[in-house]
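Participant: Dropping the sequence and predicted coords here.
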Amino acid sequence: MATVDPKTKAIMWQPEFYVMKHLTRFVSPGARMAGVTRFWAANALAFENPDGERVVFVTNPWAEPHSITIGDGPSRITAVLDARSFNTIVWKP
């Protein structure tokens with residue numbers, strides 16, 4: 001998840017580092033993975049924390065912003081994801 005330049009000793013953080021940073025910050029121990037369907041299924045992970053909080057980690061790999069609507073039943077959130085971005089959306093229904 002990190003690469004160190006042997007000459008300068010500079011650390012270069014890889015994209016996987018930021019994925020793990022998001023997941024470990026917002027997904028609690030004991031969380032249950034939830035299903036993701038439709039257009040975003042290949043680019044998102046969803047979890048329900050033990051306290052009922054919902055967490056969706058989604059990446060927008062495209063060169064333009066995209067809108068996403070997430071949720072179930074009456075609890076829905078719509079957000080616009082910046083181009084080529086990692087996003088964590090957290091809410092408590």
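Facilitator: Thanks, I have it.

Participant: what about the helices in the protein?
Facilitator: Using DSSP state H, the helices found in the chain span residues 15-26.

Participant: Closest to the centroid, which residue in it?
Facilitator: residue 57 (1.7 Å; Cα atoms, centre = their mean).

Participant: State the number of residues packed around the nearest residue in space to residue 13 that is not next to it in sequence.
Facilitator: Spatially, and ignoring its direct neighbours in sequence, residue 13 is nearest to residue 2 (5.6 Å; Cβ to Cβ, 6 or more residues apart in numbering). Quick note: C-beta positions are derived from backbone N, CA and C, even for glycine. By other Cβ atoms under 10 Å, 9 other residues sit near residue 2.

Participant: So residue 2 versus residue 29, what's the distance?
Facilitator: 24 Å (Cβ to Cβ, to the nearest Å).

Participant: And the helix or strand bottoming out on mean pLDDT in the chain, what's buried?
Facilitator: The helix or strand of the chain with the lowest confidence, counting by mean pLDDT, DSSP states H and E, is strand 66-72 at a mean of 86. Residues of strand 66-72 classed as buried: 66, 68, 70 (neighbour count, 16 or more other Cβ atoms under 10 Å).

Participant: hang on, the first one packs against residue 81?
Facilitator: Yes. Between residue 66 and residue 81 there is a contact under Cβ atoms under 8 Å: 5.3 Å.

Participant: Quick check: neighbours shared by the two?
Facilitator: Taking Cβ atoms under 8 Å, 6 or more residues apart in numbering as the contact criterion, the common neighbours of residue 66 and residue 81 are residue 60.
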